[in-house]
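Q: Sequence below, structure please.
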Amino acid sequence: MEVIVMRHGERDYEPCHERGFIGQGLELAPLTENGEKQAEEAARNPLIDGCSVIVSSPYTRCLQTAAIVSRIRNIPLKVEVDLHEWIPDLLFQNKAGEAKAYGKEFALNEGKYPDGEPCRWESIDMMEKRLLGVLDKYVSYDKILIVTHGMLMHQIKPYGHIPNCFVDSFTYDEHFKCAGFHKK
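A: Okay, here's the model as predicted:
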């Protein structure tokens, strides 16, 4: 199966911060006007030609990006909960700034839990399992588009910095292996 992967457009956390949202509430952040323009431009990427379905993360920034592409391309849109971003706090209580601290701990431990320590963040193995679970659901399709997040995209290929609305492709078959941890 050919998979086109797209990162979401630029997001605006201000409405969430104004309301005092923490944890998963921050995932309600919409796209900025620039993010909407990024999605409109990305929708014209020729890699998307021939996709029969768009599969999106449920987080607002991805779903809004996918909806723009769906409207422009007239491709049906499905939501997959497991395409969400890396979870910095498995209790979903992280406050502003804590996600960065957990991200540093994730990087320091190369995405693996330190032996004997209880960790609050999602491991790289957990991310890989949910990514593969989603892709397995769509193997009967010839070509799909997934709209997701940078950390999950790093499980596909070691991209380095991934700009908003970056589009790429890969083949998902019995030979596919997740990229694993890599330093940015």
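
Q: how about stretch 1-15: buried residues?
A: By 16 or more other Cβ atoms under 10 Å, the buried positions in stretch 1-15 come out as 1-13. The way it works is simple: take the backbone N, C-alpha and C, and place the C-beta from them, glycine included.

Q: same deal with stretch 130-150?
A: Buried residues in stretch 130-150, defined by neighbour count with 16+ other Cβ under 10 Å: 130-132, 134-135, 138, 143-150.

Q: Pull the most distant pair out of those.
A: Maximum pairwise distance among the buried residues of stretch 130-150 (Cβ to Cβ): 22.4 Å, between 143 and 150.

Q: Report the mean confidence score over the helix or strand containing residue 68.
A: Using DSSP states H and E, residue 68 sits within helix 60-73. Across helix 60-73, the average pLDDT comes to 96.

Q: Quick one: list the elements packing against the helix or strand following that helix.
A: Once helix 60-73 ends, the next helix or strand along the chain (criterion: DSSP H and E) is strand 77-79. Strand 77-79 sits against strand 54-56, helix 60-73, with contacts defined as 3 or more Cβ pairs under 8 Å, 6 or more residues apart in numbering; DSSP states H and E.

Q: quick revisit: any chance of CSV for the buried residues of stretch 130-150, columns distance to residue 92 and pLDDT?
A: Formatted as CSV, those follow (distance: Cβ to Cβ, whole Å; pLDDT from 0 to 100):
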residue, distance to residue 92, pLDDT
130, 16, 95
131, 20, 96
132, 23, 97
134, 20, 97
135, 25, 97
138, 27, 98
143, 34, 98
144, 28, 98
145, 28, 98
146, 23, 98
147, 22, 98
148, 19, 95
149, 16, 92
150, 20, 91
